[in-house]
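# Can you look at this prediction? I've put the sequence above it.
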Amino acid sequence: MAVVFEKPKALTNVPLHYCPGCPHGIIHRLVAEAIDELGIEGKTIGVAPVGCAVMAYDYFACDMIEAAHGRAPATATGIKRCRPDNIVFTYQGDGDLASIGMAETVHSAARNENITVIFVNNAIYGMTGGQMAPTSLPGQVTQTSPYGRDVNHCGWPIKVSEMLATLEGPEYIARVAVNNVKNVNNAKKAIKKAFQNQIEGKGFSLVEVVSACPTNWGMTPQKALEWVESDMLPYYPIGVYKDRTAAKEGK
Amino acid sequence: MAELVLMKGNEAIAEAAIRAGCRHYFGYPITPQTEIAAYMAKKMPKIGGVFLQAESEVASINMVYGAAATGCRVMTSSSSPGISLKAEGLSYIAGSDVPALVVNVQRGGPGLGGIQPSQSDYFQATKGGGHGDYRMIVLAPASVQEMASLTIKGFNLADKYRMTSMILADGTIGQMMEPISFEDAEIEKYEKPWALTGHENKRKHNIVNSLYLQPDALEKTNFERYERYKVVEENEPMWEEYMMEDAEICVVAFGIASRVAKNAVVAARAEGIKVGLIRPITLWPFPTKALRAAAVKCKAFVSVELNMGQMIEDVRLATECKRPVTLCNRAGGMIPSPDQVLESIRAAQKGE
Amino acid sequence: MAKVSFNTDLCKGCGLCVSACPKKCLAIDTNQINKKGYSPAVMTDQEKCIGCAFCATMCPDCIITVEK
């Protein structure tokens, strides 16, 4: 018998601190698998965010840095500009990337900074206990929108992939999900492509991963994945929003 | 004889940084320091370096944080309101023990303030500015020559102690032109085994981080950092003494204020007043020993500042309040005249 | 013939592997409590397992190894 599935080498042996059923672990694994398959662990430098994935620096076996809240793309820019031959990625949640760090996100995309951004969108602030995120859905009940997100009061959720795709700058913007096996496998392909693009010097590649937060959504892990399908994906459709190379090649 | 070149203070900082081996500059425009960015924008692409105009001061300091974590010599520059925005990054850089050079060409505040020279960020530079227990080495140039030499020194000290060196200048020195020499630039090299370079499967992964959720672990990093700061306080204070040999009155001033104060000291000497000047060159570490020694023989101190009286607190602490310390100041972008300082010296002489 | 093994001590009992299994040969064993205090996932019928690795694909804690 041969091993057909095991933990990727680019993940350390530190047990993940995430809640039971939290897809962060799946997404970590996909990133690590991409790093393994591309053989780049030795030259990869990862940037951890502030949020649930704050301790990602302990989980990825490559060199890591912990950035200030929202500033991961700026920190990654500093790293990449000093060490253009290294592979630099950020791993950020919705509050980090789309709220406090929106300027850093947009401008690193506009500069076509040659980095890979993994954006985990689970429509809530997990680490602080379930507050409204910039991607919380209209009507979504959170700790800070206890009567449901009222768009007349606090505005509309931000569709990051659609927005960034309007920029000239970025190379690749895709939205994937991790709510079932098929979507996880597709997410893996997109993440690997986002790293491959960087290796080829193509520039800014962002993969938005629609994820779940069973704990703060108040659902079982299974129910949360069903809610991704029924409520999240209609608002945040899966797809490739920008692929400059493919567009050039007329694909 | 070293070759002299005529340069603007801000440009001297930029040229010195390049000579110190800095090849990465991240900044955001703000008056009165934009010449630094302009100089870097022109020079860096021609020498294989990187000049990048960030989307904000916040982004630029976090770019510096990332660059510093790779072990590169890196800098940013700004002026007062911009430094407030960089405070977040300064705290992270301190908490992660990476070296960087940050320039503050001060303007009047608070708020948007003005664009005229000021020294009102003394507290911000020497007492924190960002959150948490940390220090920065604060260097206060008083001439265009020192803008250059302290920039080089600042990079060396930052690498040596794995911390931020701040050049605390002001709009006057930033904008003025003087002949300077770069000949004695000494570039010190330090090993950086902590740097993020990719582990190349040859070592355990490096982590640059300031998060420690276990309070005992966090406390340990703080204590260790302050042990390092103690060494800085012991070894690195710099100051200039002028006519202090027989001084009974001691004027204390840094940066542009010290040049006005020097004129006043000369004028007071002409009147027969035994007065001297101590000019702190490092504001942190503060030249406490020099002031403590002065307090033995001087009967009064005058702190000359372009603010509402900030360094005066350190003068009082250093002299342990053994002698009266008076304040001679202007604020908001105004500069005291030599006559105003002279008047303060006369008053100190009379014991007023 | 396929084999699924769990690093049981690290299982958080979320059950995502159970619902992903097309052969319904996994379960949360409520009679067991692991080191973390969770009832872990277990194989209930090894014979049925086809080694598709759907369980491992959905496992957020990367505790499943699949051999075939």
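That came through fine.
# Please, which helix or strand holds residue 152?
With no chain named, the answer covers chain A. Mapping residue A:152 onto the secondary structure by DSSP states H and E places it in helix A:151-154.
# oops, I was thinking of chain B
Secondary structure assignment for residue B:152, by DSSP H and E: helix B:144-161.
# Report whether that helix contacts chain A.
No - shown here: helix B:144-161 not in contact with chain A (C-beta under 8 Å from any C-beta of the partner chain), separated by at least 14.6 Å. Quick note: C-beta positions are derived from backbone N, CA and C, even for glycine.
# Let me know the next secondary structure element after that helix.
Of the helices and strands lying after helix B:144-161 in sequence (DSSP H and E), the nearest is strand B:164-170.
# Would you mind listing the outside residues contacting the following helix or strand past that following strand?
For strand B:164-170, the following helix or strand on the C-terminal side (DSSP H and E) is helix B:171-175. Contacts of helix B:171-175 from elsewhere in the structure, counted by C-beta atoms under 8 Å, 6 or more residues apart in numbering or on different chains, are B:8-10, B:32-33, B:35, B:79, B:105-107, B:115-118, B:141-144, B:147, B:255-256, B:333, B:335.
# for helix B:171-175, the distance to its chain's centre please.
The chain centre lies 14 Å from the centre of helix B:171-175; the measure is C-alpha atoms, centre = their mean, to the nearest Å.
# which ones are touching residue A:1?
For residue A:1, the set of contacting residues under the criterion of C-beta under 8 Å, 6+ apart consists of C:1-3, C:67-68.
# Just the buried ones from those?
For those, a burial check counting by 16 or more other C-beta atoms under 10 Å in any protein chain shown picks out C:2, C:67-68.
# Can you tell me which of those end up in strands?
Under the assignment DSSP state E, the buried ones among the contacts of residue A:1 contribute residue C:67 to strands.
# Just give me the closest of the buried ones among the contacts of residue A:1 to residue A:36.
Within the buried ones among the contacts of residue A:1, distances to residue A:36 taken as C-beta to C-beta reach their minimum at residue C:67, with 18.2 Å.
# For that closest one, which residues are in contact?
With C-beta under 8 Å, 6+ apart as the criterion, the residues that contact residue C:67 are A:1-4, C:2-5, C:51.
# Look at residue 205 and say how many residues are nearby.
In the absence of a named chain, this looks at chain A. Counted with other C-beta atoms under 10 Å in any protein chain shown, the neighbours of residue A:205 add up to 30.
# switch to chain B, that's the one I care about
21.
# Residue numbers of the stretch 1-150 of chain A in contact with chain B?
Proximity of the stretch 1-150 of chain A to chain B, by C-beta under 8 Å from any C-beta, involves residues A:12, A:41-45, A:47, A:54-55, A:57-58, A:60-68, A:71, A:74-83, A:86-87, A:103-104, A:106-107.
# now the angle between strand B:164-170 and the helix holding residue B:152, please.
160 degrees (axes from the mean of the first three to the mean of the last three C-alpha atoms, to 10 degrees).
# any idea of the mean pLDDT in helix B:144-161?
Regarding helix B:144-161, the rounded mean pLDDT is 97.
# Okay, helices next: where are they in the stretch 1-150 of chain A?
All helices of the stretch 1-150 of chain A, identified by DSSP state H, counting those that start in this stretch, fall at A:24-38, A:56-59, A:72-82, A:94-95, A:102-110.
# Among those, show me which one is buried the most.
Burial among the helices of the stretch 1-150 of chain A, expressed as mean neighbours by mean count of other C-beta atoms under 10 Å in any protein chain shown, is greatest for helix A:72-82, which shows a mean of 31.
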